[in-house]
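K.L.:
When you get a sec, could you give me coordinates for this:
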Amino acid sequence: MRHGDKINNLGRKSAHRKSMLANMASSLILHKRISTTVAKAKALRTYVEPLLTKSKDDSTHSRRTVFSYLKSKEAVDMLFKDVATKIADRPGGYTRILKTGGRLGDNANMCFIELVDFNENMLVVKAPVKAARRSTKKKAVVNVTDVAAETAESTEAPVSEPKAKRKKKDTPADENASGE
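P.N.:
Purely as a prediction, here's the structure:
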């Protein structure tokens, strides 16, 4: 029985699971966005968010602690140089999971997990859309005879005066036809 067991073991032994999460966390930090299953993304989020919080304090102790989890010098350098500067003012919630649907072979739920501050498309601030205001008042009833009278007036043909005869202008084609 798994009473109170809150860790998703992902069908792996502990050493394999820790190694997989370390590799996924390094890839997430280096590439800013990775594609994986939803279960792995949720496990990765709980693994990587404390490391991102620890990266805000650039000290030797925090670098060594993060390196013990990631086991990649490149990922640690990228984390403390690039990522930590962007997430410095964010109080938490550094990752975002975007579900993409089922995988082709086995229909596993797939998703993208990405660092929130690095998706340029989502960072664009759109102007707030003004909500349409709904009126609770009843609309005024329009008298049908008034509408009919208005349309009859607008459909009547306006009486115009006869047009004066226009003088025909000589065109170059007419001059050529006359043989000049």
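
K.L.:
and V76, what element?
P.N.:
helix 73-78 (DSSP states H and E).

K.L.:
Now the helix or strand following that helix: buried residues?
P.N.:
With elements assigned by DSSP H and E, the helix or strand that comes after helix 73-78 is helix 84-86. Buried residues in helix 84-86, defined by neighbour count with 16 or more other Cβ atoms under 10 Å: A84. The way it works is simple: take the backbone N, C-alpha and C, and place the C-beta from them, glycine included.

K.L.:
Name the next helix or strand following helix 84-86 along the chain.
P.N.:
Downstream of helix 84-86 (by DSSP H and E), the next one is strand 95-102.

K.L.:
Now do the helix or strand following that next one against strand 95-102, angle only.
P.N.:
Per DSSP H and E, strand 95-102 leads on to strand 109-115 as the next helix or strand towards the C-terminus. Put simply, strand 109-115 runs at 160 degrees to strand 95-102, going by axes from the mean of the first three to the mean of the last three Cα atoms, to 10 degrees.

K.L.:
Now strand 109-115: buried residues?
P.N.:
Applying 16+ other Cβ under 10 Å to strand 109-115 flags 110-111, 113-115 as buried.

K.L.:
can you check stretch 17-33 too?
P.N.:
Result for stretch 17-33 [16+ other Cβ under 10 Å]: buried residues 17, 20-22, 24-30, 32.

K.L.:
excluding its backbone neighbours, what's nearest V76?
P.N.:
F67 (5.1 Å; Cβ to Cβ, 6 or more residues apart in numbering).

K.L.:
Which neighbouring elements make contact with the host helix or strand of the one you found?
P.N.:
Counting by DSSP H and E, the element that carries F67 is helix 60-70. Contact here means 3 or more Cβ pairs under 8 Å, 6 or more residues apart in numbering; DSSP states H and E; on that basis helix 60-70 packs against helix 14-31, helix 38-54, helix 73-78.
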